[in-house]
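Enquirer: Here's a sequence, model it:
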Amino acid sequence: MIGIFPSSKNCVAFGTKLAIAGLVLIILLDAVSNYKYWNRITLTSSTGSVYNELSIRGALQTKVYNNQRLLLGEESRPIMYTYYTPAATDMTNEANMELLEAWKKAWHDAGWEPVILNEVHARGLPEFDALMDLIVDPTTIGTYNMACYIRWIAMAAVDGGFMSDYDTFPLNHFLRHGRELPFAGQLTIWERHVPCLVSGNGSEYFRMAKKKIGRS
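Expert: The predicted structure is shown next:
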């Protein structure tokens, strides 16, 4: 009967290949499903096409990337978030896109996984509408200041972590801080009084969002 049935070693190897192929298929189907979902959202959005593309990539980036690293058996990178939405500034949309790409490359090269948040993510927080209702007159704030406020809500929606402005680049080995939140997740501003680099857990970002509109 020798040679009729495959050896146990061959069976194990075939089973491993089959499992990997199945995982790859699941990842691809999941990515396509998510892309279609976010594409439906952005196609009905009133914002510009550049921002729509950014919304799709930002929403899918973390999930697809972590699935890929799981497949390869690699340790996930710590995430560095930033927040972007078109706002009234001196910079053009094209200049903002170039700066965002430079920000992504710099943090990725430093060992982090850069993720761009926007208002879509912020609206995922159940308290989003309640917080926005507390703002007396949003029209007096301006789009830039409103974006500076909503970013705290977006960080609460993703349960906290590290956040930097997209014009803040890593110039030294900051990666050692990224594996877990320093100071037991308390809100920490790493650049003195300027919140261009911040860390904290989700409840701390939510607390800051409430304090910024005078609610403790």
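Enquirer: in the protein, what secondary structure element scores lowest on mean pLDDT?
Expert: helix 49-72 (a mean of 41; mean pLDDT, DSSP states H and E).
Enquirer: and M132, how many neighbours?
Expert: M132 has 16 neighbours, counted by other CB atoms under 10 Å. C-betas here are computed from N, CA, C, even on glycine.
Enquirer: State the helix or strand in which it lies.
Expert: Remark: M132 resides in helix 128-133, with elements defined by DSSP states H and E.
Enquirer: just checking, what packs against that helix?
Expert: Using 3 or more CB pairs under 8 Å, 6 or more residues apart in numbering; DSSP states H and E, the elements in contact with helix 128-133 are helix 143-157.
Enquirer: who's in contact with W112?
Expert: W112 makes contacts with 77-80, 162, 170, 175, 178, as judged by CB atoms under 8 Å, 6 or more residues apart in numbering.
Enquirer: and the two most separated of those?
Expert: I79 and P170 (13.6 Å; CB to CB).
Enquirer: For C148, see how far away the nearest residue to T168 once chain neighbours are set aside is.
Expert: Spatially, and ignoring its direct neighbours in sequence, T168 is nearest to C196 (4.6 Å; CB to CB, 6 or more residues apart in numbering). For C196, the distance to C148 equals 11 Å [CB to CB, to the nearest Å].
Enquirer: and what of D165?
Expert: With CB to CB as the criterion, D165 and C148 are 10 Å apart.
Enquirer: what's near enough to touch the residue lying closest to R179 once chain neighbours are set aside?
Expert: Among residues not flanking R179 along the chain, P78 sits closest, at 6.0 Å (CB to CB, 6+ apart). P78 makes contacts with 111-113, 161-162, 175, 178-179, as judged by CB under 8 Å, 6+ apart.
Enquirer: Give me the phi and psi for P78.
Expert: Per-residue torsions, P78: phi -70, psi 150 (degrees, to the nearest 10).
Enquirer: cool, and the one 5 residues further on?
Expert: Its backbone dihedrals place Y83 at phi -130, psi 130, with angles given as degrees, to the nearest 10.
Enquirer: Check K212 too.
Expert: phi -70, psi -20.
Enquirer: Need the pLDDT of it.
Expert: Here the pLDDT value assigned to K212 is 82.
Enquirer: next one: the one 3 residues further on
Expert: As summarised for this prediction, R215 has a pLDDT of 57.
Enquirer: what about the strands in this structure?
Expert: Ranges of strands within the chain are 79-83, 113-117, 160-164, 188-189, 197-201, based on DSSP state E.
Enquirer: Adding mean pLDDT, mean neighbour count and distance to L100, write these out as JSON lines.
Expert: Output for the strands of the chain, formatted as JSON lines (pLDDT from 0 to 100; neighbours: other CB atoms under 10 Å; distance: least, CB to CB, whole Å):
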{"stretch": "strand 79-83", "mean pLDDT": "96", "mean neighbour count": "23", "distance to L100": "8"}
{"stretch": "strand 113-117", "mean pLDDT": "96", "mean neighbour count": "21", "distance to L100": "6"}
{"stretch": "strand 160-164", "mean pLDDT": "96", "mean neighbour count": "23", "distance to L100": "12"}
{"stretch": "strand 188-189", "mean pLDDT": "92", "mean neighbour count": "14", "distance to L100": "22"}
{"stretch": "strand 197-201", "mean pLDDT": "95", "mean neighbour count": "22", "distance to L100": "16"}
